[in-house]
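> Just need the structure, nothing else, for what follows:
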Amino acid sequence: MDLLFPLSFMRSVRGSPKLSYEKIEPDTITEPYRSLLVHEGDMTSRLEAYYESSLRVRRLRSSNDGKSYFREVVLETESTAKATEYGAIEVSLGSLPEEIHPLVVEAKLPLGSILNNSRIPYSCFPRAYLKIVPDGPIVDALGTVEADVLYGRSNEIRSFNDQVIARIVEILPPS
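You can find the predicted model right below:
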């Protein structure tokens with residue numbers, strides 16, 4: 001299983017080099033990254049609480065074949081446009097009510113906000129915790145990165161009947 005999917009897919013489509021990373025144990029992650037990453041909740045709520053701000057999506061790239069919607073994004077604070085997360089998501093549109101498809105595809109709100117606001121029950125299942133070497137595309141997305149490594153996670157969001165809603169790679173900028 002490719003732990004970096006869908007980010008690896010998005011990067012390969014545009015010809016970016018493979019990301020240098022290693023899978024790590026959650027207890028090796030330093031704070032504040034551990035409390036932001038090591039949980040079974042959605043990142044949107046965790047980041048909004050940490051930054052004391054609602055989040056918005058800055059879409060870098062996206063594609064939609066009607067069944068799966070892919071996007072590479074930076075989540076930013078609503079108040080100051082501070083980058084709070086870089087990553088990529090694949091949303092299985094068929095696992096969601098049709099009336100929220102436009103909200104997903106317009107890419108203004110994080111998926112966690114859409115699910116929470118729509119009262120759609122879901123659970124998060126982290127697949128792996130990651131230590132990532134930031135490269136050009138990550139630095140470009142975040143604006144600047146003054147760190148040798150970044151921390152992130154590979155995550156799945158599933159519905160109450162265990163259907164996969166989304167696969168996500170979430171990478172945090174230096175705090």
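> from the chain's centre, how far out does stretch 154-165 sit?
Mean C-alpha position of stretch 154-165 versus that of the full chain (Cα atoms, centre = their mean, to the nearest Å) differs by 14 Å.
> Name the residues of it that are buried.
Within stretch 154-165, the residues that count as buried by 16 or more other Cβ atoms under 10 Å are Ser154, Asn155, Ile157, Arg158, Ser159, Ile165. For glycine as for every other residue, the C-beta is placed from the backbone atoms N, C-alpha and C.
> mind listing what the fifth one touches?
I take that to be Ser159. Shown in contact with Ser159 (Cβ atoms under 8 Å, 6 or more residues apart in numbering): Ser95, Ile120, Pro121, Tyr122, Ile165.
> how about 10 Å then?
Taking Cβ atoms under 10 Å, 6 or more residues apart in numbering as the contact definition, Ser159 lies against Ser92, Ser95, Leu96, Leu115, Ile120, Pro121, Tyr122, Ser123, Ile165.
> Ok, the second one next?
Going by Cβ under 10 Å, 6+ apart, Asn155 touches 37, 40, 42-43, 87, 89, 124-129, 166-170.
> how about it, secondary structure?
The three-state label given to Asn155 by DSSP: H, G, I helix; E, B strand; the rest coil is strand.
> Just grab the bridge partners of it for me.
Note on Asn155: beta-bridge partners by DSSP bridges are Pro126, Ile168.
> quick revisit: make TSV out of the contacts of Ser159 and add secondary structure.
Below are the contacts of Ser159 laid out as TSV (three-state DSSP):
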residue	secondary structure
Ser92	strand
Ser95	helix
Leu96	coil
Leu115	helix
Ile120	coil
Pro121	coil
Tyr122	strand
Ser123	strand
Ile165	strand
